[in-house]
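1. Sequence plus the predicted model coming up.
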Amino acid sequence: YGIVELVNPDLADATVLDVEDMMRRNHSIDDPTKDDFRVRTQEQNMETFGVILNAITYLLIAIAFISLIVGGVGVMNIMYVVVTERIGEIGLKKALGATNKDILYEFLIEAIILTLLGGIIGIIGGSLLTFIVAKVATSFGFDWDFIIPVSGIIISLVVSMAIGIIFGVFPARNAAKLNPIEALNKE
């Protein structure tokens with residue numbers, strides 16, 4: 001293992017060829033396909049690092065997507081339970097003149113509030129964890145600033161509300177479609 005420092009970075013490719021030639025002479029290698037060494041530039045190392053970083057990024061995106069789906073299904077199940085528990089109330093509201101749209105909006109707003117509260121708790125928890133990591137890193141001498149971008153908070157809240165809308169619409173539609181007479185009879 002060795003490191004060669006370049007005086008002129010523009011000559012990196014030529015320097016690689018020179019180092020390979022020197023290494024082959026020192027190792028008595030005539031056939032370049034039988035090299036027992038590898039010469040890499042910093043640029044090649046950065047490209048490899050970039051590929052690894054992209055793979056990790058895509059993996060984290062996939063995990064986040066799966067987590068959002070699982071959370072959304074959980075919200076949908078909770079909302080189905082809420083609708084089931086409040087069938088009599090829905091029937092009474094419809095009997096007193098509430099429209100399907102009124103019932104739909106009521107349960108959709110509940111789903112949005114539920115996911116919005118979850119998003120706020122997530123933001124607070126993530127901010128707290130970030131603060132702790134920044135303090136620990138700073139105590140070890142790293143230059144790590146505690147920064148929470150406003151755009152990240154806004155995106156988190158918007159995604160939370162979108163999950164509430166997407167996964168809350170089916171239970172809300174079921175509630176809105178209930179026949180008031182059947183709903184009151186089930187109670």
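-> Sure thing, it's come through.

2. which helices and strands sit right next to the worst-scoring helix or strand of the chain on mean pLDDT?
-> When each helix and strand of the chain is scored by mean pLDDT, DSSP states H and E, helix 180-186 comes last, with a mean of 82. With contacts defined as 3 or more C-beta pairs under 8 Å, 6 or more residues apart in numbering; DSSP states H and E, the packing partners of helix 180-186 are helix 87-95. Where C-beta positions appear, they are placed from N, C-alpha and C, glycine not excepted.

3. Just the buried positions in the helix it packs on, please.
-> Ile87, Glu89, Ile90, Gly91, Lys93, Lys94 (16 or more other C-beta atoms under 10 Å).

4. How about stretch 162-178?
-> 163-169, 171-172, 174-176, 178.

5. now those residues as a markdown table including pLDDT?
-> Shown next, in a markdown table, are the buried residues of stretch 162-178 (pLDDT from 0 to 100):
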| residue | pLDDT |
| --- | --- |
| Ile163 | 95 |
| Gly164 | 94 |
| Ile165 | 95 |
| Ile166 | 95 |
| Phe167 | 95 |
| Gly168 | 94 |
| Val169 | 94 |
| Pro171 | 95 |
| Ala172 | 94 |
| Asn174 | 92 |
| Ala175 | 92 |
| Ala176 | 92 |
| Leu178 | 89 |
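
6. Show me the residues you listed that map onto strands.
-> When those are checked against strands (DSSP state E), there are no matches.

7. Put together JSON lines for those, with distance to Asn77 on each row.
-> Formatted as JSON lines, the buried residues of stretch 162-178 follow (distance: C-beta to C-beta, whole Å):
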{"residue": "Ile163", "distance to Asn77": "13"}
{"residue": "Gly164", "distance to Asn77": "14"}
{"residue": "Ile165", "distance to Asn77": "16"}
{"residue": "Ile166", "distance to Asn77": "14"}
{"residue": "Phe167", "distance to Asn77": "9"}
{"residue": "Gly168", "distance to Asn77": "11"}
{"residue": "Val169", "distance to Asn77": "14"}
{"residue": "Pro171", "distance to Asn77": "9"}
{"residue": "Ala172", "distance to Asn77": "14"}
{"residue": "Asn174", "distance to Asn77": "13"}
{"residue": "Ala175", "distance to Asn77": "14"}
{"residue": "Ala176", "distance to Asn77": "18"}
{"residue": "Leu178", "distance to Asn77": "18"}
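
8. I'd like the distance between the most far-flung residue of the chain relative to its centre and Val39.
-> The C-alpha centroid of the chain is most remote from Ser28, which lies 52.2 Å away (C-alpha atoms, centre = their mean). Ser28 is 17 Å from Val39, where distance means C-beta to C-beta, to the nearest Å.
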